[in-house]
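**Q** sequence first, predicted coordinates after that:
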Amino acid sequence: MSGHESGQRGVGAGVTFGLLAAWAAHDAEEVALVPRWTRTQVPELRERFPQVPDRIWRRLESIDAHEFATAVAGMAFVVTAAAADGYRTGGRSAFYQGALNGFGLHGLVHLAQAAVIRGYTPGSVTSPLVVIPFALWARGRLRRAGVLRRSRPRDVVQGLALAAAATVATHAMARRTVGQNRTPPRT
């Protein structure tokens with residue numbers, strides 16, 4: 001019997017491939033809203049937060065819908081690989097658990113972003129409704145199955161670092177793939 005076939009030996013598809021399903025629901029919100037949100041909100045945010053470096057604002061303003069969707073497609077490969085590895089190992093995979101932790105923590109980042117700007121940011125609706133509840137539920141299932149790795153502060157940092165590295169890499173890939181190697185004119 002493989003690790004994912006027995007509750008005593010691990011967890012099944014709901015916990016492991018559930019990561020992919022929860023991620024897809026969350027990123028559907030982002031794909032639908034990020035390009036328009038950045039076009040309409042960045043000019044106001046630039047005025048409210050002048051301490052943020054201009055290069056950050058220019059980069060946000062330069063993201064178009066095609067580039068963003070391409071980056072999300074790249075992230076789909078990462079999340080699918082993590083979910084598949086989790087399924088293969090009955091949830092024991094460090095890659096899967098790191099991705100799960102990074103996913104849940106990034107939901108908290110979305111909520112912090114919305115709190116800082118005192119308004120909606122793409123991802124802030126599905127974070128409390130899908131991302132954080134799924135991550136907590138899946139960790140609970142991993143714990144009950146006896147396969148949850150012990151979390152230390154270092155694990156939190158590694159989870160966030162995994163999410164950040166995957167985000168940077170997929171956006172870099174999208175920029176190259178879509179051919180948007182341009183800097184928008186300063187306004």
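**A** Happy to help now that I have it.
**Q** off-centre distance for stretch 15-35?
**A** Offset of stretch 15-35 from its chain centre (C-alpha atoms, centre = their mean, to the nearest Å): 8 Å.
**Q** list the contacts of that stretch.
**A** 4, 63-65, 68-69, 72, 75-76, 79-80, 82-84, 86-87, 91, 96, 99-100, 103, 107, 122-123, 125-127, 130-131, 134-135, 138, 141-142 (C-beta atoms under 8 Å, 6 or more residues apart in numbering). Where you see a C-beta, it was placed from the backbone N, CA and C, and this is true even at glycine.
**Q** do that again at 6 Å, thanks
**A** Contact with stretch 15-35 is made by 65, 68-69, 72, 79-80, 83, 86-87, 91, 100, 122-123, 125-126, 130-131, 134, 138, 141, as judged by C-beta atoms under 6 Å, 6 or more residues apart in numbering.
**Q** OK, contacts around the most centrally placed residue in the chain?
**A** Geometric centre of the chain, nearest residue: Phe103, 5.0 Å, by C-alpha atoms, centre = their mean. By C-beta under 6 Å, 6+ apart, the contact set of Phe103 is Ala135.
**Q** where's it, which helix or strand?
**A** helix 94-117 (DSSP states H and E).
**Q** which neighbouring elements make contact with whichever helix or strand comes after that helix?
**A** Per DSSP H and E, the first helix or strand lying C-terminal to helix 94-117 is helix 126. Contact analysis of helix 126 by 3 or more C-beta pairs under 6 Å, 6 or more residues apart in numbering; DSSP states H and E lists helix 13-48 as its packing neighbours.
**Q** ok and the helix it packs on relative to helix 94-117, angle-wise?
**A** 30 degrees (axes from the mean of the first three to the mean of the last three C-alpha atoms, to 10 degrees).
**Q** where in this protein is pLDDT low?
**A** The model of the chain has pLDDT under 70 over residues 1-8, 155, 159, 179-187.
**Q** what is the neighbour count of His106?
**A** Using other C-beta atoms under 10 Å, His106 has 23 neighbouring residues.
**Q** need the contact list for it.
**A** Applying C-beta under 6 Å, 6+ apart, we find His106 in contact with Ala163.
**Q** and the one 3 residues further on, by the same measure?
**A** For Val109, no residue meets the contact criterion (C-beta under 6 Å, 6+ apart).
**Q** with that, I have no additional questions.
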